Each structure stands twice: as C-alpha cells, then as structure tokens.
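Student: Sequence first, then the predicted structure:
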Amino acid sequence: MSFHAHPDDEALLTAGTLARVTAEGHRAVIVVATSGAAGLAAANLTGTDLAERRLAELRRSAAVLGCARVECLGYDDSGMARAPAKAANAFAHADREEAAQRLARILREERADVLTIYDPAGGYGHPDHIRVHDVGVLAAQLAGTPVVLEATLDRRLLLRALRLVCFLPGVPRDFAPARFASAYTAPERLTHRVDVRRFSCLKRAAMAAHVSQAGGGSGLRTLAFLLRLPGPVFRWVLGHEWYVEHGRVAARPLLDDIFASLPRPS
C-alpha cells in the first residue's frame, strides 16, 4: 500500500515501484489523505471541481500502474506552509490517532505487507507530507504492517542534478538548489534504491495523467518540466526510487527489493 498526501504525489515518488510490483504479480493499493483541492491549477478549476478532477486523475494514474484499489481518507488539503489553506478539516492538523485508525482499517482489509509513506521531514517540508509520515507510522503499528518504507530522494544526487540544470532556460524557480539543501534524505541513511527503469514509460504516463497539475501558478510547473524531458533523460533522472525502511539500519549495497525484509517461504 502506498500512502500519499495528494493526487499526483504517487506518480512522482513511487509510480515506478508500484508499476514494478504489480508487474511482478503483487496487489498494489494507493491511499491519499486529501483530494488536493488547494493545489495550483488552471483558473477555471477551483474547490469541488478541482477536487473531483484530481481524484479522477489519480484513478487514471492508478490504472496505468496496475493498482487494484484507490482510496481517499477525506481530509482537506492543508496548502503549503507559506500559504496555508483555510480548511476546517485540514490534514496537517488532523487528530493523528483518528487518521491512523482510518488508514489502519484499510491496511487490515488489504493484509498489507508493506506501507510506503514519506520521510519525517515530508521531503521538502509540506505540512501534509509530514503528517503522512506521522500518521503512516502509527497506522502500521496499529495494523501490524511489518514493513514501512519512507519514500524519499537521495539528497546528494538531487542537489548535483539541480546545480547542473538550475540556470537553463525554462527551469522552474522551485528548482533552486538552496531550497533543497536539507530536504529529503542524506545518502548514508538510505536503505533502498529500487531500479524502475524498465517501467519509466508507465511512470511517465502516470505523471501525465495529472493534467491539472501541469499548469496554474506562474512559470513552468515541476510536473510539466519533467514531462518535457526526452525519453532517455527521463529514464536516467527518474529511473530509480529511493526509500528508508523504518527501523532498519542502513547498509551497503542498497536493497532493490521492497519485500526484502519479509520472511521467505520455507
């Protein structure tokens, strides 16, 4: 099961993993905390219209990846820390126990072996992403889910790539290296480097399903920029997905199998 804050988050950090595990015969489920109604989008998409649009896009993305089920916990999008949404039911401020019980119910129904969440900082500090980590850890404890993987990025590789491209024409301002100096995860803490290069076309299609998130705001959006990358470059940049297994001591080589910690059948 892959737990995310908003529709489109699943495509950016875990789509390749989801496509790979479904191709290997496993059942995959996506759960989002919110509909993403506070996200940037075209001016004619706001509120309920945007929420319905984004959930429909999520279902299309999940179908591309072969996922068997999509659920939304029904919380409101909290917005960014610098621009919070004024929502009474904002996920960032939700009762942790209540939200964890909702997620744990789905984990039990699915008898999930693995739950993906985010790292403790929520990657780049989005309040809803931080809450995904907190709620996900507790939900796994409540449901007895044995493996919890924090979806993240290798900070060193990310900063190296941003320094190479940040001055190119059309690169979003959000790609400034200074913004990510302490974001995501230092390489020595990583436990998994999952090779998803064979599934880069499916990952790209999952990202492309989120049409509403390719526009809106000022300048080129991150999703739109990544989708403009030529195929070989896309595969090179996004061909691996990174995780920290909750409670596991990092070691080398990094694991390529998200099920590696599960007992093997005798």
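Tutor: Done, it's in. Since the structure is predicted, the reported quantities are computational estimates derived from the model, not experimental observations. Numbering: from 1, shown residues only.

Student: so where do the helices sit in the chain?
Tutor: For the chain, helices defined by DSSP state H occupy the ranges 9-13, 15-23, 47-65, 96-110, 122-125, 127-143, 155-165, 200-208, 222-227, 231-238.

Student: Indicate which one of those is closest to residue 79.
Tutor: Among these, helix 127-143 comes nearest to residue 79, with 7.8 Å by CB to CB. Where you see a C-beta, it was placed from the backbone N, CA and C, and this is true even at glycine.

Student: In the stretch 101-250 of the chain, where is pLDDT below threshold?
Tutor: Counting by pLDDT under 70, the stretch 101-250 of the chain has low-confidence residues at 215-220.

Student: Comparing the helices of the chain, which stretch has the densest surroundings?
Tutor: Compared across the helices of the chain, helix 9-13 shows the largest average neighbour count, a mean of 26 (mean count of other CB atoms under 10 Å).

Student: which outside residues touch it?
Tutor: For helix 9-13, the external contacting residues (CB atoms under 8 Å, 6 or more residues apart in numbering) are 2, 4, 18, 30, 32, 58, 61-62, 65, 118, 123, 129, 151-153, 203, 206-207, 209-210, 223, 226, 241.

Student: Using JSON lines, please lay out the helices of the chain together with distance to residue 255.
Tutor: Below are the helices of the chain laid out as JSON lines (distance: least, CB to CB, whole Å):
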{"stretch": "helix 9-13", "distance to residue 255": "17"}
{"stretch": "helix 15-23", "distance to residue 255": "12"}
{"stretch": "helix 47-65", "distance to residue 255": "21"}
{"stretch": "helix 96-110", "distance to residue 255": "22"}
{"stretch": "helix 122-125", "distance to residue 255": "20"}
{"stretch": "helix 127-143", "distance to residue 255": "18"}
{"stretch": "helix 155-165", "distance to residue 255": "17"}
{"stretch": "helix 200-208", "distance to residue 255": "20"}
{"stretch": "helix 222-227", "distance to residue 255": "25"}
{"stretch": "helix 231-238", "distance to residue 255": "19"}
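
Student: of the ones you listed, which approaches residue 75 most closely?
Tutor: helix 96-110 (7.1 Å).

Student: what angle separates the closest one from helix 127-143?
Tutor: Per axes from the mean of the first three to the mean of the last three CA atoms, to 10 degrees, the angle that helix 96-110 makes with helix 127-143 is 60 degrees.

Student: How far off centre is helix 96-110?
Tutor: Mean C-alpha position of helix 96-110 versus that of the full chain (CA atoms, centre = their mean, to the nearest Å) differs by 18 Å.

Student: May I have that helix as CSV, with CA atoms only?
Tutor: The C-alpha trace of helix 96-110 is given here as CSV (Å, rounded to 0.1, in the frame of the first residue of the first chain):
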residue,chain,number,x,y,z
ARG,A,96,-3.2,11.6,14.5
GLU,A,97,-4.9,8.7,16.2
GLU,A,98,-8.2,9.1,14.3
ALA,A,99,-6.4,9.4,10.9
ALA,A,100,-4.2,6.5,11.7
GLN,A,101,-7.2,4.3,12.6
ARG,A,102,-8.8,5.2,9.2
LEU,A,103,-5.6,4.1,7.4
ALA,A,104,-5.1,1.1,9.6
ARG,A,105,-8.6,-0.2,8.7
ILE,A,106,-7.6,-0.3,5.0
LEU,A,107,-4.2,-1.9,5.9
ARG,A,108,-6.1,-4.7,7.7
GLU,A,109,-8.6,-5.1,4.9
GLU,A,110,-5.7,-5.5,2.4
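
Student: Spatially nearest residue to residue 245 (excluding sequence neighbours)?
Tutor: Spatial nearest neighbour of residue 245, chain neighbours left out: residue 191 (4.4 Å); criterion: CB to CB, 6 or more residues apart in numbering.

Student: give the contact list for the one you found.
Tutor: When contacts are counted by CB under 8 Å, 6+ apart, residue 191 touches 243, 244, 245, 248, 250, 251, 254, 255.

Student: Apply 10 Å and report the result again.
Tutor: For residue 191, the contact set (CB atoms under 10 Å, 6 or more residues apart in numbering) comprises 149-150, 185, 242-252, 254-255, 260-261.
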